[in-house]
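Engineer: Okay, predicted coordinates and the sequence, questions at the end:
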Amino acid sequence: MESDRQPQLSPIRAFQVLHGASVEGEELNTSLSDYHDYEPRLEFDDREVTENLYLAPLPPELLDLTGDIIKRSASDGTIEENFEAELASGLEVYAEISSSSLDDDSFAELNSSGLVEVVGDDEIGRRIIVVSACRLPPRESLHQDKLLRYLMFTLDKYVEQDYSLVYLHCGLNSSSKPPLSWLWKAYKAFDRKYKKNLKALYLVHPTNFIRVVWQMLRPAISVKFGRKMMYVNYLHELQQYLNLDKLCIPEQVLEYDKLLLSKNPKAAEIARLQSQPKEPKPTSTDRSDAKSAPKSSLSPPPTQQFGVSLQFVKENNADMVDSIPPVVRQCVEFLSQPDGLETEGIFRRSANILVIKELQRACNKGEKISFRNDPHNAAVLLKTFFRDLEEPLMTFELYNEILKFQTWSNSEKPRRVKILILEMLPLDNYKLLKYIMQFLWKVQDRSCLNKMTSSNLAVVFGPNLAWPPNGQMSLQAIAPINAFTDFVLRNQESIFII
């Protein structure tokens, strides 16, 4: 009987475990921070997970686990690649949730709270989804199953393509914290399509609660899924991966981050240096002029196509045909080949970030670019061009009109859309929109092979064609923008008459 008892850890070892240290040779959790000497103050009482410091797996009665699952997962502490099949026995309870068709009115209160925000794409074309714990309603006012249905209903629209998830942990408290049994049920309910296309999960401002729960649930979570999780102790650590200005970060989280930085001078100094604007480096031809001119007066080289306006590209490319930027034409012509049009998941998958950055640099220098025979490189580069424009293709002026699209009746939509595109859109923007929509029509025409229908393409391209002047797009704005893009694509033959 003595051998069956769980070994107690020493106080030092227990402290290490609580801070994410490995247990019995397990790998440390991935982290973007080099500073783990300061543990943020817990926002709620987490005694329920820290009373037993040896971090044994949660008992079956708490997690609703069957003894059979525990037995099968105890051999090496993980369930490998086929973990969804291993846990399938628990999914029947939530079959109704995943298949239910719920409209946005069912979750009007949650939608308006900003709990979940879809904020566009990262620099390699992955959709970014932000979940803010500080906006969770109290448990007493929201049934936990309804919360799960809302999360699934919201994410369902975006998980068919690669995406990144940012979880802002600050603000979670005892009144809003979901029970641990719910966390396990949620993990089971989010099936393979949610986990497979998730490429990065950033846990921002983690506390002991997150680290301990992760250790407790680790026996039932695949190693592959675990590698996607990254601890982020400070917001500036996300800057190299995501544009913080587009994340819709709540003020409470920003203030909490400042508080943490005030207690760590070294991290605060790094944050200060990263926040300073980076000036473009002068080329060899204008380096002498740069010495006598203020840095702020430097303009991009005439060959640059990313991060500038359509007018700039046109003025510096005298041979540009029909207002189509050279990089757009190169991408479209490459993807218009059968191998490109028939690539499954084209525009839905991300590409290697180093390859995309190298293609951008070559393009901005006026050098010849090679897609390395990979259609995904061309697809991501094309989306990146539209996303990096100084002003969206549909212009800031038309943004609010596009948001009204779903309020128009079906009979008046054709007329109103034509007014926006034919009368209000600048001519150069019109020509480029026509060019890209005619190309996307070819893509959706091969949807039997590439799986990209007009609605799928609208989800991918919509947020890259229209966004507000402040760059922060709310979740409520995504639906009308995508619906507008889908309508234009399906009716492109009757809309583009010039």
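Structural biologist: Nice, I can see it.
Engineer: Specify the residue ranges that define each domain of the chain.
Structural biologist: Domains of the chain are assigned by automatic domain parsing as 21-272, 300-495.
Engineer: Quick one: end-to-end distance for the last one.
Structural biologist: Using Cα to Cα, to the nearest Å, the span of domain 300-495 from its first residue to its last is 35 Å.
Engineer: Which residues belonging to stretch 195-210 are considered buried?
Structural biologist: Residues of stretch 195-210 classed as buried under the neighbour-count rule (16 or more other Cβ atoms under 10 Å) are 195, 197-210. Yep, even glycine has a C-beta here, placed from its N, CA and C like the rest.
Engineer: Can you tell me which of the domains of the chain has the worst average pLDDT?
Structural biologist: Note on the domains of the chain: lowest mean pLDDT is at domain 21-272, with a mean of 68.
Engineer: can I assume K199 sits in a strand?
Structural biologist: Yes - assessed with DSSP: H, G, I helix; E, B strand; the rest coil, K199 lies in a strand.
Engineer: dump the residue contacts of it.
Structural biologist: Listed by Cβ atoms under 8 Å, 6 or more residues apart in numbering, the contact set of K199 reads 126, 162-164, 228, 350.
Engineer: From N243, how far off is the closest residue to it other than its chain neighbours?
Structural biologist: Once flanking residues are discounted, K199 sits nearest to D162: 5.2 Å by Cβ to Cβ, 6 or more residues apart in numbering. Using Cβ to Cβ, to the nearest Å, we find D162 at a distance of 17 Å from N243.
Engineer: Between the two, tell me which one has more neighbours.
Structural biologist: Each of D162 and N243 has its neighbours counted (other Cβ atoms under 10 Å); D162 has more, 24 against 16.
Engineer: Confirm for me that S176 is in contact with A133.
Structural biologist: Yes - proximity of S176 to A133 meets the contact threshold set by Cβ atoms under 8 Å, at 7.4 Å.
Engineer: Excluding residues flanking it in the chain, which one is nearest T303?
Structural biologist: Closest to T303 by Cβ to Cβ, 6+ apart is G366, at 3.3 Å.
Engineer: what about that neighbour, which helix or strand?
Structural biologist: Assigned by DSSP states H and E, G366 belongs to no helix or strand.
Engineer: Tell me which of S176 and A133 has more neighbours.
Structural biologist: Ranked by neighbour count (other Cβ under 10 Å), S176 and A133 place A133 first, with 22 against 19.
Engineer: where does the residue nearest to the more buried one when sequence neighbours are not counted land in three-state SS?
Structural biologist: Distances taken as Cβ to Cβ, 6+ apart place L172 nearest to A133, at 3.9 Å, with adjacent residues excluded. State at L172, reduced to three classes by three-state DSSP: coil.
Engineer: In the stretch 51-200 of the chain, what residue spans correspond to helices?
Structural biologist: Applying DSSP state H, counting those that start in this stretch to the stretch 51-200 of the chain gives helices spanning 60-63, 67-73, 83-86, 95-99, 108-113, 144-155, 180-189, 192-196.
Engineer: The stretch 301-450 of the chain too?
Structural biologist: Going by DSSP H, counting those that start in this stretch, the stretch 301-450 of the chain shows helices at 310-315, 326-335, 338-341, 353-364, 375-387, 399-403, 413-418, 427-445, 447-450.
Engineer: thought the residue nearest to K199 was touching R348?
Structural biologist: Yes - contact criterion Cβ under 8 Å: D162 and R348 qualify, at 6.9 Å.
Engineer: How about the residue nearest the centre of the chain: which residues does it bridge to?
Structural biologist: The residue lying closest to the centre of the chain (Cα atoms, centre = their mean) is I128, at 1.6 Å. Per DSSP bridges, residues listed as beta-bridge partners of I128: S164.
Engineer: wait, what's in contact with it?
Structural biologist: Neighbour list for I128: 118-122, 163-164, 166, 242, 246-247 [criterion: Cβ under 8 Å, 6+ apart].
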